[in-house]
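> Let me see the structure of the following:
(chains A and B)
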Amino acid sequence: MLRMSTLFLRTLRDDPADAEVPSHRLLVRAGYIRRAAPGGFSWLPLGWIVFRNVERIIREEMDAAGFQEVHFPALLPKEPYEASGRWVDYGDNMFRLHDRHGAEMLLAPTHEEMFTLLVKSLYGSYKDLPLCIYQIQTKYRDEARPRAGLLRGREFVMKDSYSFDVDDAGLQRSYDRHREAYIRTFERLGLPVVIVSAMSGAMGGAASEEFLTPLDVGEDTYVRCTSCDFAANTEAVAVPVPDSVPLDGLPDAVVHDTPNTPTIQTLVDHLDERGVPRHGGGSWTAADTLKNVVVKLRHPDGTVEPLAIGVPGDREVDLKRLEAQVSPAEVSPFEEADFARYPTLVKGYIGPGALGSAGTSGIRFLLDPRIVEGTRWVTGANEEGRHVVDLTMGRDFTGDGMIEAAEVLGGDPCPNCGAELEIARGIEMGHIFQLGRIYAEALDLKVQDEAGKQVTVTMGSYGIGVSRAVAALAETNHDELGLIWPREVAPADVHLVIAGKEGGPQRPAAERLATEMEAAGLRVLFDDREGVSPGVRFKDAELIGVPTIVVCGRGIDDGVVELKDRRSGEREDVPIGDVVARLTTTA
RNA sequence: CGGGGUGUAGCGCAGCUUGGUUAGCGCGCCUGCUUUGGGAGCAGGAGGCCGGGAGUUCGAAUCUCCCCACCCCGACCA
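Okay, the predicted model is just below:
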């Protein structure tokens, strides 16, 4: 039994000034967590109970799926991460430190390398596989901008599993087992999730799906189809490629003087004002233009390469999509100094003539998939104040390849069924990923197959954010008064409140009831504080968010207490002798 | 990484422009009395390296510089 008279808890009347999102605000106000470090939180007793409940559910579901729990250090030497390439690839997001001898170490962001090496050190035969092992562990990522409390910290707890199989079919089975286990886990946690595909189909076979909880404060943008069940991270949406158009009989490209038209809008307005004829008639739109964006790619080895991307002018280049495509390279803007190095690029009037391996600048030029052979575009003529009209793909220019970097807009066609897509926001709660043989190859994890031949093991990695799940639960389960926990993760089943004069019959009755409820297996949070006014007790009960509130108050003379459902707000007087039966049957 | 905002008691804030006794208010906390079904009343208290450092000054919460932390927005649009 948790007695509030001695519980290490202080609720706050005011919202903490540094908390913006509801989960952060309420978890701090209700005395569940406290900020302790940039992006790091301390857990108070109530918070730790909830945390352990979430952790327990995840652990039970992993165990039920037949996965085995292990535990690694968070503090690791750099060598395994050097071998995999992640010591370089992870960049600034990895916490690095030195020991007293000057050896470089890290605080692990995830543990693929360590799991791989552990399996390598123990297993050598196909008979040992398949294997799925997991841990629940504190992870570290030096986020550029920790925010939203527990939702995105620099230290957080994550369940990460890894599967090891001899062949692709085995990997698919391990992946499917995780997928099923995750669906059950989120169901039990009471967290709504949508499963979105997370890797571009064009990027190859490696399957990867994210479990997103739809939340406006989430940091991931995804799309879902308004008609079929397609859902995908925006990074992973592949644009349907239109049919190409025969080149015969298309008009020649013509260069026009277009003074003072450095932006798409000014260009479109100018063409209309000057009455430049548009193929198919009608007035010019941004979608008729080809926007050529130049950026710099910084590769992990430090080399920098310019890259030009051609997208329809009614769309921006989506930085996240672009980075997903060019990963692990990082993208940065093309600056004045860069333009100075490429005199053939005329800012505001860049056209395909200057781009690509055949262009005057030689800069690599990748095109949006919509730009297919036979499509005609208005685009820069590589001269100040001049654009070219009806520049035709496949005849007048080509790119060095395709890239999925244009933004995805609501109303875009679904790649699955063609209906309209809509944009939504969510937060990543889980991620399942067929890694394949990347890590096994880098760290040389092989087993003997039936023929006695050495084969490289194929792996999957699977994560669930444990501390993030607590925040997401708070985010999806609250009202203006406070938190409302789903029963299985709640810090208690019943919040018992004494509301009556000190020295009256309420306290002894409540004491008896508390003991009785506890004996019946109910977890009781008992507000037995003295000298606290009823208003405070009610406010605290609502803030803390235990699913059922029992008030032992003025009805006591009639032998009844009030049962209140925190979520619905419904109240009901129940004879004190029936309370336990009521709560144990409905719970 | 860029821009903006904010750091003063456990929490929320005022004071800073125009430097000057002992730094203030509300909540919370302690003591006493009253009160007890919606964040109670009265009286009396405790609690501060004014984010840190360096400077200017006879004197700094207040002015200058540097650093740190937190919050928000942005990140290419040629």
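
> From A:R386, how far off is whatever residue of the stretch 251-400 of chain A ends up closest to RNA strand B?
Using CB to the nearest atom of the strand, A:G348 is the residue of the stretch 251-400 of chain A that sits closest to RNA strand B, at 2.4 Å. C-beta coordinates here come from the backbone N, C-alpha and C atoms, glycine included. To A:R386, A:G348 is 11 Å away according to CB to CB, to the nearest Å.

> between these two, what contacts are shared?
Common neighbours of A:G348 and A:R386, counting by CB atoms under 8 Å, 6 or more residues apart in numbering, are A:G380.

> Now A:P312, what are its backbone angles?
The phi and psi values for A:P312, taken as degrees, to the nearest 10, are phi -50, psi 140.

> list the contacts for it?
Contacts of A:P312 by CB under 8 Å, 6+ apart are A:A286, A:A287, A:T289, A:L290, A:K291, A:D368, A:R370, A:I371, A:A406.

> One more: A:E305?
Listed by CB under 8 Å, 6+ apart, the contact set of A:E305 reads A:K296, A:L297, A:H299, A:A329, A:R364.

> That one is in what secondary structure piece?
strand A:304-312 (DSSP states H and E).

> near RNA strand B at all, that strand?
No - legend: contact between strand A:304-312 and RNA strand B by CB under 7 Å from any atom of the strand is lacking; minimum distance shown is 7.9 Å.

> Can you name the next helix or strand after that strand?
helix A:319-326.

> and A:G85, how many residues sit next to it?
15 (other CB atoms under 10 Å).

> okay, the closest residue in space to it that isn't next to it in sequence: pLDDT?
Nearest residue to A:G85, sequence neighbours excluded (CB to CB, 6 or more residues apart in numbering): A:A442, at 6.6 Å. With respect to pLDDT, A:A442 scores 87.

> Pull the contacting residues for A:A442.
Residues counted as contacts of A:A442 (CB under 8 Å, 6+ apart) are A:A83, A:S84, A:G85.

> can you tell me how far the first one sits from RNA strand B?
The spacing between A:A83 and RNA strand B, counted by CB to the nearest atom of the strand, to the nearest Å, is 29 Å.

> where exactly do the strands run in the stretch 201-350 of chain A?
Taking DSSP state E, counting those that start in this stretch as the criterion, the stretch 201-350 of chain A contains strands spanning A:208-214, A:220-225, A:231-233, A:254-257, A:290-298, A:304-312, A:330-333.

> winner for burial among these?
Highest mean neighbour count of the strands of the stretch 201-350 of chain A: strand A:231-233, a mean of 25 (counted as mean count of other CB atoms under 10 Å).

> longest strand of chain A?
Longest strand of chain A, by residue count under DSSP state E: strand A:421-436.

> Any idea how many residues pack against the closest residue to the residue of the stretch 251-400 of chain A closest to RNA strand B other than its chain neighbours?
Leaving aside its sequence neighbours, A:G348 sits nearest to A:P262 (CB to CB, 6+ apart; 3.4 Å). By the criterion of other CB under 10 Å, A:P262 has 15 neighbours.

> contacting residues for A:P262?
By CB under 8 Å, 6+ apart, the contact set of A:P262 is A:K347, A:G348, A:Y349.

> Show me which residues of stretch A:378-394 are buried.
A:378-382, A:386-394 (16 or more other CB atoms under 10 Å).

> and the closest residue to A:V294 other than its chain neighbours, how many neighbours?
Using CB to CB, 6+ apart and skipping the chain neighbours, the partner closest in space to A:V294 is A:F334 (4.3 Å). When neighbours are counted by other CB under 10 Å, A:F334 registers 20.

> repeat for A:A354
By other CB under 10 Å, neighbour count at A:A354 equals 24.

> Setting aside sequence neighbours, what's the nearest residue to A:V489?
Per CB to CB, 6+ apart, closest to A:V489 is A:N53, 4.4 Å.

> In the stretch 151-300 of chain A, mark out all the helices, start to finish.
A:168-189, A:264-273 (DSSP state H, counting those that start in this stretch).

> per-residue confidence for A:A181?
95.

> In a markdown table, list the contacts of A:P312 along with distance to A:C228 and pLDDT.
Shown next, in a markdown table, are the contacts of A:P312 (distance: CB to CB, whole Å; pLDDT from 0 to 100):
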| residue | distance to A:C228 | pLDDT |
| --- | --- | --- |
| A:A286 | 29 | 84 |
| A:A287 | 25 | 83 |
| A:T289 | 32 | 86 |
| A:L290 | 31 | 87 |
| A:K291 | 31 | 87 |
| A:D368 | 24 | 88 |
| A:R370 | 22 | 87 |
| A:I371 | 27 | 87 |
| A:A406 | 22 | 86 |
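
> Can you select the buried ones among those for me in ChimeraX?
This is the ChimeraX syntax for the buried subset of these, where burial follows 16+ other CB under 10 Å:
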select /A:286,289,290,291,368,370,371,406
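
> ok, and of the contacts of A:P312, which contact RNA strand B?
A:K291.

> Show me which of the contacts of A:P312 is closest to A:L12.
When the contacts of A:P312 are ranked by distance to A:L12 (CB to CB), A:A406 comes first, at 46.1 Å.

> got the phi/psi numbers for the residue in the stretch 51-200 of chain A positioned nearest to RNA strand B?
The minimum distance from the stretch 51-200 of chain A to RNA strand B, using CB to the nearest atom of the strand, falls at A:R147 (4.1 Å). A:R147 adopts backbone torsions of phi -160, psi 170, taken as degrees, to the nearest 10.

> The residue nearest the centre of chain A and A:A232: what is the separation?
Centroid-nearest residue in chain A, with CA atoms, centre = their mean: A:E428, separated by 2.7 Å. The gap separating A:E428 from A:A232 is 13 Å, by CB to CB.
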